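Chemist: from the sequence below, what's the structure:
(chains A, B and C)
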Amino acid sequence: MGLLTIDAENLYYRDLNAKIKEAVRKQNIKKIIIKNARGQRFIGTGLQEKDVEIIVESGVPGNDLAMFMDGPTIKVLNNAQDGIGNTMNNGKVFVHGDAGDVIAYGMRNGKIFIKGSAGYRIGIHMKEYKEMIPSIVIGGKTGDFLGEYMAGGIILVLGLTKDENPIVGRYCATGMHGGVIYLRTDKVPTYLGKEVKVFELNEGDKAKVKELVEEFCSEFKEYNSNDILNGKFIKLIPVSKRPYGRLYSPGNHFPLPEENYFSNKKVDIEKYYY
Amino acid sequence: MKKLYFREEWCVGCGRCEVACAIEHSESKHPIIAYFHEKIRQTPRIVVERKGNISFANTCRHCEEPDCVNACIAGALYKDESGKVLYNPNKCVGCYSCIMACPYGAIMKDINRKERKQIVKCDLCNTRKEGPACAEACPNRAIIFEEKEG
Amino acid sequence: MKFTFSLKPENFIIERDDERCIRCGACVQQCSYNAHYFLEEKNKVLGINHNCVGDGRCVAICPTNAIRIRQAENPYRPNHNWSKEKMMDLYEQAENGTVLLVGMGAPTPHPVYWDKIILNASQVTNPSIDPLREPMEVKTYIGSKPDKIEVVFDNKTKKPDIKTKISPQLELEIPVMFAAMSFGAISLNACKSLAKAASEMGTFWNTGEGGLYRDLYQYGKNTIVQVASGRFGVHLDYLNAGAAVEIKIGQGAKPGIGGHLPGEKVNHEISVTRAMPEGADAISPAPHHDIYSIEDLRQLIYSIKEATDYEKPVFIKISAVHNVAAIASGIVRAGADAVVIDGIRGGTGAAPKIIRDNVGIPIELAIAVVDERLRKEGIRNQASLIAAGGFRNSSDVIKAIALGADAVYIGTAALMTLGCHVCGMCYKGICNWGIATQREDLTKRLNPEIGAERAKNLLKAWKHEIQEMLGAMGINSIESLRGNRLNLRAVDIHEPYLSILGIKPAGA
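Modeler: Residues are numbered from 1 along each chain as shown, chains lettered A, B, ... in the order given. Just a heads-up that it's a prediction; the model follows:
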């Protein structure tokens, strides 16, 4: 049938991952259920199959979930730890709970959905290239340095949890030079990075947000997409692709090839004839 | 027969091939004397064509069926046993039919020669034991001297 | 015509022998800094000294050797504190208010200890070995070596076999590899030359942080792929394409700060390889933001091992700074298969001048203390030691190995085989030799056929020289030289550096 259940109690992370790889690569298993996850790291690392689903049914998976992952879908029915989707290349991750710090570092493509809140330094140096556009949706709040150095991709923070914290921490989007951050709030965050400006959403933005919210709600059924979309959103985008262009001494980068001696003249040999 | 082949992707447009050709075909074969002190300054048999970023060297292909030999009314151009297309200036009458016949523009007037009309064309450095001077002078192997099929 | 008022004097003077100049115009056409021009009215080729960066392209190209470039004299009153260079830097900052950038490695007058260390030779009772007639082993294996090996004998055939599982190793025919220079900092033709040469000589080259261009995947067996803090071009196929993975924490030229490739240098090929939009700056942050402790480093190392199915060695590259011994010890214990240490002389495409010249320690001292510390802690076998940073010839390589390194990375030396004249203007992106540029009219000047041949020639020559030096010492395998400091003596090195290097003075 292509289904495998693994009891991860007392299983060393290397053995757990070896079992998963063997099942997916050699035994054509398409769905894996992990019970009693006890903080094993790197679950999903190195997998490239697009039609594989891994469900962490009980327990909490360890750091670097889906790191370098390139295709499968992982669902965690609990909280998760740091480093989710680190340098992830493709695939989806759903976390029915809170997540830790440094999520989606250097992420290149794929989607991550966190129902609850996340920690510091989310979405650092996310990249995008042509149709490879990674996205993260956080249902709750995040800590400081959201989207630091962001070079592409989409971050959407919904702020739906009922606590007193601001929707994002300080130094949001510092060093951002690509990509876009959408926040479901009407208050501009304090200590915003100086490389970004705040805008209203246009039609294209609204369509993107709608698509992500609908996928978010189809997995996390306690939320209603209409309620969420009726809220107020703001958009943060970088003002310059080259935020540090003026910082360094001017060099002669790419000067135009100038007209020079050879452009349309030939050597006039007559002149040298003695 | 070994021939000259040109790879425009490596030509940097420096013109060393032209200089080498002119020096090699001079009397003294010395750069300073050849350029400044000889009676007749040699016209290079190879010309670097340039447009924007692209450049390559153009010269005689020593064709299997040379149009220039067919056009020559005086028999000054001929194909020798090894396959090279060579020029005997003594038989030339200066009609310039060869210049018009060559589809590559590889034959040129010898404009430095004032006393009679002559042409210049590549002779694959017939008398140079190391082979063609232009191939040796090219700094980037854009001109190679080798035997190829077809 | 520009009339800006500038206080900066010239650095080089172009001297043209007018009698030899045949007005062919090759220098005018070739110089991308526009340092030569043709004055038609006077029928002369003239030079603009201020534009000259001293990279020797015109000198090499001139068919009649009519050009000579010489250094401009110091136009200021001699002052030991205010050298010409310090004054020029200050004027530049006063004019622009910017951070000064430089390329290549630190030229500062710190002592070069390689030149003060000499090698032994065998005579009389311990005869030397002639490498032309007797076998001389320079093959090197990079990777973690086990603490002990268990050998078992097959019951039937009685043949021995090793029961201990050995970690993945890299096999080098010569203990010299090409250092990490990213596609972006150097041109694709330069990468191709190094990749070809490494493949044909049985050694390795390093992609640097720019990712691996698709045409170069064919050289994957001889490629070390680098994962830097920007994670450019990093995905599973990339990690699996190489023979080893190197995590870059720092580099010798700019320890502690990140990398910066200006947007102008990001053309189509680079944008595809790094998976980022054309024309945007490629910024690598200073730290890896997922490494804030040594445990985090261990986590990253094992994530890469997990992603590559534990089949490839994982290296960690750090700069040589204070406490490099303690840092290296931590790295070895974190599970790295090799520690790469880059000294202050290491080169770069672009770095702030103030960092390049002032941060970092010489590689000679770094190798010595790291090797010593790892041996004292009993963990020297758990990781190989690779040294980088300004190696100029095979004697530097031999001395590094004698001080404790397993192998050596060459960067500046490798680029010099392709034509680099170490002018240090790499950050401008208009390198006349087609190395540190992406402009097509310049990169075509570097033909990988020629570049690969020259790089191979260097490695071949060094291999023979290494064999000669080993033979002269009476050693027939490079294994016996590793960490063998008794084969070195020092001239003109005083305490405490003598003790730090762990070698005796000549005569003792």
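Chemist: now name the helix or strand holding the closest residue to C:Ile174 other than its chain neighbours.
Modeler: Distance criterion C-beta to C-beta, 6 or more residues apart in numbering or on different chains; nearest residue to C:Ile174, sequence neighbours excluded, is C:Lys463 at 4.7 Å. Using the backbone N, CA and C atoms, a C-beta is placed for each residue, glycine as well. Applying DSSP states H and E as the criterion places C:Lys463 in helix C:448-473.
Chemist: look up phi and psi at C:Ile61.
Modeler: When read as degrees, to the nearest 10, the backbone of C:Ile61 gives phi -80, psi -30.
Chemist: that one touches B:Gly15, doesn't it?
Modeler: No: if you go by C-beta atoms under 8 Å, C:Ile61 and B:Gly15 don't touch, sitting 9.0 Å apart.
Chemist: more neighbours: these two, which one.
Modeler: B:Gly15 (25 against 21; other C-beta atoms under 10 Å in any protein chain shown).
Chemist: circling back: what do C:Ile61 and B:Gly15 both touch?
Modeler: Listed as contacting both C:Ile61 and B:Gly15 by C-beta atoms under 8 Å, 6 or more residues apart in numbering or on different chains are C:Ala26.
Chemist: picking that back up, residues contacting the residue nearest to C:Ile174?
Modeler: Counted by C-beta under 8 Å, 6+ apart, C:Lys463 has contacts C:138, C:173-174.
Chemist: separation between it and chain B?
Modeler: C:Lys463 sits 25 Å away from chain B, going by C-beta to the nearest C-beta, to the nearest Å.
Chemist: A:Lys194 too?
Modeler: 40 Å.
Chemist: for that residue, grab the count of nearby residues.
Modeler: By the measure other C-beta under 10 Å, the count of residues near A:Lys194 is 12.
Chemist: what's the spacing between it and B:Asn70?
Modeler: Plainly put, A:Lys194 is 76 Å away from B:Asn70 if you go by C-beta to C-beta, to the nearest Å.
Chemist: again, but for C:Gly202
Modeler: With distances taken as C-beta to C-beta, C:Gly202 is found 55 Å from B:Asn70.
Chemist: same check on C:Ile475?
Modeler: Distance of C:Ile475 to B:Asn70, given as C-beta to C-beta: 71 Å.
Chemist: out of these two, name the residue with the larger neighbour count.
Modeler: Comparing C:Ile475 with B:Asn70 by other C-beta under 10 Å, the one with more neighbours is C:Ile475, at 20 against 11.
Chemist: tell me the pLDDT of that one.
Modeler: For C:Ile475, the pLDDT comes out at 92.
Chemist: isn't it up against C:Leu481?
Modeler: Yes: under the criterion of C-beta under 8 Å, C:Ile475 makes contact with C:Leu481 at 5.5 Å.
Chemist: shared neighbours of the two, anything?
Modeler: Applying C-beta under 8 Å, 6+ apart, one finds that C:Ile475 and C:Leu481 are jointly contacted by C:Asn487.
Chemist: so which residue is smack in the middle of the chain?
Modeler: No chain specified, so I'll use chain A. For chain A, the residue nearest the mean C-alpha position is A:Ala104 (4.3 Å; C-alpha atoms, centre = their mean).
Chemist: that's the wrong chain, I meant chain C
Modeler: Centroid check for chain C by C-alpha atoms, centre = their mean gives C:Gly411 as the closest residue, at 2.4 Å.
Chemist: what about the closest residue to it other than its chain neighbours, distance to C:Lys463?
Modeler: Nearest non-adjacent residue to C:Gly411, counting by C-beta to C-beta, 6+ apart: C:Ala179, 3.5 Å away. C:Ala179 sits at a distance of 18 Å from C:Lys463 (criterion: C-beta to C-beta).
Chemist: and residue 128, what's its pLDDT?
Modeler: Went with chain A since none was named. For A:Glu128, the predicted pLDDT is 89.
Chemist: let's do chain B instead
Modeler: Listed pLDDT for B:Arg128 reads 90.
Chemist: list the buried ones in the helix or strand where A:Leu16 lies?
Modeler: Assessed by DSSP H and E, A:Leu16 sits inside helix A:13-25. Buried residues in helix A:13-25, counted by 16 or more other C-beta atoms under 10 Å in any protein chain shown: A:13, A:16-17, A:19-20, A:23-24.
Chemist: would you turn those into a markdown table with distance to C:Lys116 and pLDDT?
Modeler: What follows is those, written out as a markdown table (distance: C-beta to C-beta, whole Å; pLDDT from 0 to 100):
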| residue | distance to C:Lys116 | pLDDT |
| --- | --- | --- |
| A:Tyr13 | 50 | 95 |
| A:Leu16 | 54 | 95 |
| A:Asn17 | 51 | 95 |
| A:Lys19 | 57 | 95 |
| A:Ile20 | 56 | 95 |
| A:Ala23 | 60 | 94 |
| A:Val24 | 58 | 93 |
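Chemist: between these, which is closest to chain B?
Modeler: Nearest to chain B, judged by C-beta to the nearest C-beta, of the buried residues of helix A:13-25 is A:Val24 at 44.9 Å.
Chemist: wait, the closest one sits on A:Ile32?
Modeler: Yes: between A:Val24 and A:Ile32 there is a contact under C-beta under 8 Å: 7.4 Å.
Chemist: what do the two both touch?
Modeler: A:Val52.
Chemist: tell me the residues of chain C that contact chain B?
Modeler: Residues of chain C found near chain B (C-beta under 8 Å from any C-beta of the partner chain) are C:19-20, C:22, C:24-26, C:29-30, C:60-61, C:63-64, C:440-441, C:444-445, C:447, C:449-450.
Chemist: can you pull up the most central residue in chain B?
Modeler: Chain B has B:Cys122 as the residue nearest its centroid, 2.5 Å off, counting by C-alpha atoms, centre = their mean.
Chemist: contacting residues around that one?
Modeler: By C-beta under 8 Å, 6+ apart, the contact set of B:Cys122 is B:4, B:21, B:45-46, B:59-60, B:62, B:106, B:132.
Chemist: quick one: it from chain C, how far?
Modeler: With distances taken as C-beta to the nearest C-beta, B:Cys122 is found 18 Å from chain C.
Chemist: just the pLDDT for the nearest residue to C:Glu19 once chain neighbours are set aside.
Modeler: Excluding its sequence neighbours, the residue lying closest to C:Glu19 (C-beta to C-beta, 6+ apart) is B:Ile32, at 6.6 Å. On pLDDT, B:Ile32 comes in at 88.
Chemist: report the next helix or strand after whichever strand or helix holds B:Ile32 in sequence order.
Modeler: Here B:Ile32, judged by DSSP H and E, is contained in helix B:31-32. Sequence-wise, the next helix or strand downstream of helix B:31-32 (DSSP H and E) is strand B:47-51.
Chemist: elements contacting that next one?
Modeler: Here strand B:47-51 touches helix B:16-24, strand B:54-58, going by 3 or more C-beta pairs under 8 Å, 6 or more residues apart in numbering or on different chains; DSSP states H and E.
Chemist: these: lowest mean pLDDT?
Modeler: Looking over these, mean pLDDT reaches its minimum on strand B:54-58, with a mean of 90.
Chemist: so how far is chain B from C:Ser6?
Modeler: 31 Å.
Chemist: okay, the closest residue to that residue other than its chain neighbours: pLDDT?
Modeler: With C-beta to C-beta, 6+ apart as the criterion, C:Ser6 has its nearest non-adjacent residue at 6.6 Å, and that residue is C:Glu95. pLDDT, C:Glu95: 89.
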